[in-house]
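Q: Show me the folded form of this:
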Amino acid sequence: MADQLKVSILSSGSTGNVTYIETPQRKVLVDAGLSGKKIEGLMRSIGRDMHDVDDLLVTHEHNDHIKSVGILARRYHQLNVYANQLTWEAMAPKIGKVAPEQKHIFEMDTLKSFADLDIQSFGVSHDAAAPQFYEFQHNGRTFVILTDTGYVSERLSAKINNANGYLFECNHDVEMLRMGLYPWALKQRILGDKGHLSNEAGADGLMSVIGNQTKNIFLGHRSLHNNMKELCHLTVSSMLKEHDYGVNHDFQLFDTEPDDALPLMAI
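A: Just a heads-up that it's a prediction; the model follows:
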């Protein structure tokens, strides 16, 4: 089937985040939290080229999401960069010059059409200027990215429920974070309502959105210091199974990596 919505999680974690999404008529990156060279290499690893990417959507101005936004814009003149106004203002001092013709506004709670790809933005609770994530819609299929939020509200769950695929935050194990070496203020920030979802909170959030159409779930934004891949996967899988969700039957759980791209997959 050629007319598909395809996704590759190029990188997801506390050290950098980049997701690639394509349809027959559009190629999009979400965030650019690694070096330009690293992103180019990850794109090549899935058989794609940065010269063919149409759009770069930014979620918020933290460095693990914007590290090479300016570099890629200056290197690839065909690239259109989208963020909401407050995010543009917050990241401007960090990314350097972006040509006016490449700079575009994508406000929160807005639906935009990009050829055969519709993208809906939505706000989240995170300690950034105006953090927003995106739902991608093509040919009756939907894919949602949600990787930096302190909690998942009922209102948000209702907006993004029953998607075909999710990249969903499972940032930390609470006990690892509490017992770890981070300063207390940073621990409080991560654990707060504008911080990050723990493995357990990620599982709870998933249970509020999984529907009959949900087939692929990517566990994302895993902390380098306060989580482990196996622990994250086991915690989420066990909680979902305890509540009678059909893990590995109705849908698949995939682990993401900070340095290696997952294969391009139809959602």
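Q: all helices for the protein, in order.
A: 36-45, 63-66, 69-75, 85-95, 154-160, 174-179, 184-191, 199-207, 229-242 (DSSP state H).
Q: So, low pLDDT: which residues of the stretch 51-200 of the chain?
A: Across the stretch 51-200 of the chain, not a single residue meets the criterion (pLDDT under 70).
Q: ok, I210 - how many residues close by?
A: I210 is flanked by 21 other residues according to other CB atoms under 10 Å. In this view, the C-beta of every residue, glycine as well, is placed from N, C-alpha and C.
Q: my guess is it contacts D244, does it?
A: No. Assessed by CB atoms under 8 Å, I210 is found out of contact with D244, at 11.2 Å.
Q: Report the set of residues contacting both of those two.
A: Listed as contacting both I210 and D244 by CB atoms under 8 Å, 6 or more residues apart in numbering is no residue at all.
Q: quick one on the thing from earlier: any chance of the helices of the chain in TSV, plus distance to S125 and mean neighbour count?
A: Formatted as TSV, the helices of the chain follow (distance: least, CB to CB, whole Å; neighbours: other CB atoms under 10 Å):
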stretch	distance to S125	mean neighbour count
helix 36-45	28	18
helix 63-66	16	20
helix 69-75	23	19
helix 85-95	15	17
helix 154-160	9	14
helix 174-179	18	15
helix 184-191	12	14
helix 199-207	12	22
helix 229-242	20	16
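Q: How much space separates G205 from H249?
A: 21 Å (CB to CB, to the nearest Å).
Q: cool, H65 as well?
A: Going from H65 to H249 by CB to CB gives 34 Å.
Q: before we move on, what about H196?
A: H196 is 29 Å from H249, by CB to CB.
Q: More neighbours: these two, which one.
A: Taking other CB under 10 Å, H196 and H249 do not tie; H196 has more neighbours (25 against 8).
Q: how about the nearest residue to that one, chain neighbours excluded?
A: Of all residues not flanking H196 in the chain, N171 sits nearest, at 3.7 Å (CB to CB, 6 or more residues apart in numbering).
Q: Please look at that neighbour and N227 and confirm they touch.
A: Yes. Here N171 reaches N227: they are 6.7 Å apart, a contact under CB under 8 Å.
Q: Now do the shared contacts for the two.
A: Shared contacts of N171 and N227, counting by CB under 8 Å, 6+ apart, come down to N199.
Q: Who are the contact partners of the spatially most central residue of the chain?
A: Centroid-nearest residue in the chain: I145, 4.2 Å away (criterion: CA atoms, centre = their mean). Going by CB under 8 Å, 6+ apart, I145 touches 19, 30, 59, 133-136, 166-167.
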